[in-house]
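**Student:** Need coordinates for the below:
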Amino acid sequence: LRVGEVSAKVLGMLDAAHADVLGEPEIAQVPVTAIEGKAILVSGHDMLDLYELLKQTEGTGVNVYTHGEMLPAHSYPKLKEFKHLVGNYGTAWQNQKFEFAAFPGPIIVTTNCIVEPRRMYKNRLYTMNEVGFDGVKHIGESRDYSEVIAQAQKAKGFQRTVDPPKTVTVGFNHRVVLPLADQVLEAAKTGTLSRIFLIGGCDGSQWERSYFTDLAEQTPDDSLILTLGCAKNRLIRSEKLEGATLANGLPRVLDMGQCNDSYSAVVVATELAKALDCGINDLPLSLAVSHLEQKAAAVLLCLLHLGVKNIRLGPNLPAYITPNVLKVLVDQYNIMPTGDPAEDLEKMMAGN
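**Tutor:** Numbering: from 1, shown residues only. Okay, the predicted model is just below:
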């Protein structure tokens with residue numbers, strides 16, 4: 001729990017740093033279809049790497065697309081100033097072997113979400129920071145993207161603009177959501193909001209992860225879903241949830257950002273609890289967290305440090321949760337594995 005306390009502080013510092021340097025996040029409609037022209041793709045998590053790339057590509061005729069956890073970049077005012085940041089391409093990290101292969105330009109991976117590259121795009125792939133792969137070019141601390149830009153200018157690029165474009169909505173940071181708290185509280189008090197769900201986290205390729213898609217799509221029409229991390233792609237691209245709104249006009253699915261933006265969800269839950277004069281565990285809130293690696297562990301420990309109970313964790317319990325640790329988590333926090341979506345939903349709606 002001490003690690004969870006530190007994680008909460010670090011997540012808060014990262015949230016504040018992003019807002020200080022790049023501006024406070026705003027709601028934005030992000031194109032997820034192609035724009036004609038030369039292109040560079042940026043994947044990973046590092047917003048400052050993207051910021052420097054945008055400065056160096058300005059005026060070069062090269063468009064920049066985000067991928068995976070870089071999608072929230074489109075909500076930051078300083079990044080939105082660059083008109084050649086034109087959209088988001090692809091989905092989550094586990095699909096990169098197919099999505100990178102089809103992208104008509106070079107690709108930069110800024111953080112750890114990389115898998116063994118296929119030969120058909122390995123010569124167009126660049127890594128940064130702690131990320132590296134044998135035979136893949138690495139960009140150093142100087143953030144010199146000149147080679148990437150030159151390769152993009154020679155590459156095929158997108159041959160046409162898709163019209164009409166498709167979009168997804170991002171930017172529901174706690175700074176955006178909290179001013180809407182009165183609408184959420186009024187909906188909860190009048191019975192037009194049945195429950196709030198937090199469904200998100202780290203995604204992966206295991207078929208069991210469809211649990212999170214199925215759970216979200218089965219939630220009642222009068223419920224609100226907060227989502228974040230790469231697992232959000234399962235929800236924001238769901239045809240069933242696309243365009244869904246509550247009776248008061250609020251979108252049913254609010255994309256809060258990257259996995260580290262779980263801090264936003266914590267802030268929102270804490271402030272709602274204060275407004276209702278109750279504890280976090282007394283809120284009409286259910287959590288289903290998709291777990292995979294170290295960032296997910298930090299998020300989970302942060303939630304436990306804050307005393308959050310009744311978390312459903314899956315699709316499998318992490319290896320570091322030994323039988324003894326599991327007993328403590330079950331006894332003190334009622335943590336539980338994900339199960340059948342319909343059965344879990346019934347329990348969640350009953351407050352369990």
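**Student:** quick one, strands of the stretch 251-352 of the chain?
**Tutor:** All strands of the stretch 251-352 of the chain, identified by DSSP state E, counting those that start in this stretch, fall at 253-255, 285-290, 311-314, 336-337.
**Student:** Ignore what I typed, I meant the stretch 101-250 of the chain.
**Tutor:** Applying DSSP E, counting those that start in this stretch to the stretch 101-250 of the chain gives strands spanning 107-109, 125-128, 137-139, 167-170, 196-201, 224-227.
**Student:** Looking at those, which is nearest to Pro315?
**Tutor:** Across these, Pro315 has its closest neighbour in strand 196-201 (10.7 Å, C-beta to C-beta). For every residue, glycine as well, the C-beta is placed using N, CA and C.
**Student:** gap between stretch 115-125 and the chain center?
**Tutor:** Mean-position distance between stretch 115-125 and its chain equals 24 Å (C-alpha atoms, centre = their mean, to the nearest Å).
**Student:** Over to stretch 226-240?
**Tutor:** 8 Å.
**Student:** can you pull the contacts of the residue nearest to Glu5 when sequence neighbours are not counted?
**Tutor:** Nearest residue to Glu5, sequence neighbours excluded (C-beta to C-beta, 6 or more residues apart in numbering): His305, at 4.9 Å. By C-beta atoms under 8 Å, 6 or more residues apart in numbering, the residues touching His305 are Leu1, Gly4, Glu5, Ser7, Ala8.
**Student:** Help me confirm that the fourth one comes into contact with Leu304.
**Tutor:** No. Assessed by C-beta atoms under 8 Å, Ser7 is found out of contact with Leu304, at 9.8 Å.
**Student:** Return the distance of the most far-flung residue of the chain relative to its centre relative to Pro104.
**Tutor:** Largest separation from the mean C-alpha position in the chain: Lys154, at 31.9 Å (C-alpha atoms, centre = their mean). When distance is defined by C-beta to C-beta, to the nearest Å, Lys154 is 11 Å away from Pro104.
**Student:** Tell me which stretches of the chain form helices.
**Tutor:** Listed in chain order, the helices of the chain (DSSP state H) span 2-22, 47-57, 77-80, 96-102, 119-122, 146-154, 174-177, 181-190, 210-218, 233-236, 262-275, 294-305, 323-333, 341-349.
**Student:** Can you tell me which of the ones you listed is packed in deepest?
**Tutor:** Stretch with highest mean neighbour count among the helices of the chain: helix 233-236 (a mean of 24; mean count of other C-beta atoms under 10 Å).
**Student:** For that helix, give me every contacting residue.
**Tutor:** Residues from elsewhere that reach helix 233-236, judged by C-beta under 8 Å, 6+ apart: 91-92, 168-169, 199-200, 203, 209-210, 212-213, 216, 225, 227, 241, 253, 255.
**Student:** let's go with 7 Å and repeat that
**Tutor:** 91-92, 168, 199, 203, 212-213, 216, 225, 227, 241, 253, 255 (C-beta atoms under 7 Å, 6 or more residues apart in numbering).
**Student:** same question, stretch 198-218
**Tutor:** Residues outside stretch 198-218 that contact it (C-beta under 7 Å, 6+ apart): 92, 94, 225-235, 238, 240-241, 259, 265, 285, 287-293, 295-296, 299, 314-315, 338, 341-342, 344-345.
**Student:** rewinding a little: can you lay out the helices of the chain as TSV showing distance to Ile35 and mean pLDDT?
**Tutor:** Output for those, formatted as TSV (distance: least, C-beta to C-beta, whole Å; pLDDT from 0 to 100):
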stretch	distance to Ile35	mean pLDDT
helix 2-22	22	93
helix 47-57	14	98
helix 77-80	15	98
helix 96-102	15	97
helix 119-122	20	96
helix 146-154	14	98
helix 174-177	26	94
helix 181-190	34	86
helix 210-218	28	96
helix 233-236	20	93
helix 262-275	29	89
helix 294-305	31	84
helix 323-333	47	91
helix 341-349	37	97
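**Student:** So which of those helices is nearest Ile40?
**Tutor:** Of all the helices of the chain, helix 146-154 sits nearest to Ile40, with 4.9 Å by C-beta to C-beta.
**Student:** residues near Ile107, how many?
**Tutor:** A total of 27 residues lie near Ile107 under the criterion other C-beta atoms under 10 Å.
**Student:** Just list whatever residues bridge to the residue lying closest to it once chain neighbours are set aside.
**Tutor:** Excluding the flanking residues, the one nearest Ile107 by C-beta to C-beta, 6+ apart is Leu41, at 4.5 Å. Beta-bridge partners of Leu41, counted by DSSP bridges, are Tyr65, Ile107.
**Student:** got the strands of the stretch 251-352 of the chain as JSON lines, with distance to Leu272 columns?
**Tutor:** Formatted as JSON lines, the strands of the stretch 251-352 of the chain follow (distance: least, C-beta to C-beta, whole Å):
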{"stretch": "strand 253-255", "distance to Leu272": "13"}
{"stretch": "strand 285-290", "distance to Leu272": "8"}
{"stretch": "strand 311-314", "distance to Leu272": "17"}
{"stretch": "strand 336-337", "distance to Leu272": "23"}
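**Student:** Having no further points to raise, I will conclude here.
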